[in-house]
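J.: quick one, what's the 3D model for this:
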Amino acid sequence: MSGIYTDLNGKVVFITGGSRGIGAQTARAFAAQGAKICVVGRHKDTLDLVVTEITGVGGTCISAVADVTDAAALDDARRRTESQLGPVDVLAAFAGGQGYPVPSVDLTEERWRQVIDSDLTSVFLTIRTFLPGMLERGSGSVITMSSAAGRQPSQANLAYAVANAGLVTLTRQLATEIGPRGIRINSIAPSAILTDKVMTNMPADVQAKVAALHPLGRMGTPEDVAETALFLASDSASWLTGLTIDVAGGRVTH
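T.: Sure, this is the predicted structure:
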């Protein structure tokens, strides 16, 4: 059951990586609070499913097809959102996820650059797209999506680990710059999350082994991450900025 954050009612929320998994669940959670949502992704068909689900229960949701490594596409998505919903109050830069294991000796330069662009540069571009408007208005909340792989060594590939560690530093550094202007920025670093994709591709016995690695004895859910995002965006977190919250079932203890 989601907490109630009345201050999120009517807020405009822009969510990259919003077509499935954590991003889609976060969109549902914000919509349930009365927020107006734009979900962003590369595939119109999956975005349409999220929009239909949210609007079907009375929520407000639009979509924008965009590659988050393309600054021009992000700016088009910003203009679409502002024209239909209004200025963005909450920016959730959740797109990414290129962590499957590759031995570092086999990690090509091309793959390194692709992962860094997908998981780190994309967040910089997304924030840069919306930050001027937030600074002009003197308000806003930004949430970045890191990973447990950026918090401690893991089996994820090196580029993914470095990109997500970079997001932690980006969040901390930017918080000191924009805090005096009324903007907060925080990061979420999930561990193993049981998305539909994971449930499909990870055998049940492997899921059990992964769950056992976490002190709380289970894998996380998209709802666990979405609830954290609601809190960080709300007035309940009004004196929190520059933080990375490990939604990791106790496995990461920084």
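
J.: those helices in the stretch 151-254 of the chain, which residues are they?
T.: Under the criterion DSSP state H, counting those that start in this stretch, the stretch 151-254 of the chain contains helices at 158-178, 196-201, 204-212, 222-233.

J.: so which of those is the most surrounded?
T.: helix 222-233 (a mean of 22; mean count of other CB atoms under 10 Å). In this view, the C-beta of every residue, glycine as well, is placed from N, C-alpha and C.

J.: okay, the residue most central in space within the chain and Arg137: tell me how far apart.
T.: In the chain, the centroid-proximal residue (CA atoms, centre = their mean) is Phe94; its distance is 2.3 Å. Phe94 sits 22 Å away from Arg137, taking CB to CB, to the nearest Å as the criterion.

J.: if we can go back for a sec, dump the residue contacts of the residue nearest to the centre of the chain.
T.: For Phe94, the contacting residues are 15-18, 22-23, 26, 143, 145, by CB atoms under 8 Å, 6 or more residues apart in numbering.

J.: thinking again about what came up before, ok, which of the helices of the stretch 151-254 of the chain comes nearest Arg80?
T.: Proximity to Arg80, assessed across the helices of the stretch 151-254 of the chain by CB to CB, is greatest for helix 222-233 (21.0 Å).

J.: and that closest one, C-alpha only, in CSV?
T.: C-alpha atoms of helix 222-233 as CSV (Å, rounded to 0.1, in the frame of the first residue of the first chain):
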residue,chain,number,x,y,z
PRO,A,222,9.7,-2.3,-8.5
GLU,A,223,7.2,-1.1,-5.8
ASP,A,224,10.1,-0.9,-3.3
VAL,A,225,11.9,1.5,-5.6
ALA,A,226,8.8,3.5,-6.5
GLU,A,227,8.0,4.1,-2.9
THR,A,228,11.4,5.5,-2.3
ALA,A,229,11.0,7.8,-5.3
LEU,A,230,7.7,9.1,-3.9
PHE,A,231,9.3,9.9,-0.6
LEU,A,232,12.3,11.7,-2.2
ALA,A,233,10.1,13.8,-4.4
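
J.: give me the contact list for that helix.
T.: Here helix 222-233 makes contact (CB under 8 Å, 6+ apart) with 2-3, 5, 8, 11, 13, 21-22, 24-26, 28-30, 33, 90, 92, 141, 143, 184, 186, 188, 190, 193-195, 237, 240, 245, 247.

J.: and if you look at stretch 53-61?
T.: 27-28, 31-32, 35-39, 50-51, 85.

J.: for Leu49, helix, strand, or coil?
T.: At Leu49, secondary structure determined by DSSP: H, G, I helix; E, B strand; the rest coil is helix.

J.: what about it, neighbour count?
T.: For Leu49, the neighbour count with other CB atoms under 10 Å is 16.

J.: what's near enough to touch it?
T.: Ser19.

J.: please renumber so the chain begins at 598
T.: Shifting the count to begin at 598 puts that one at Leu646.
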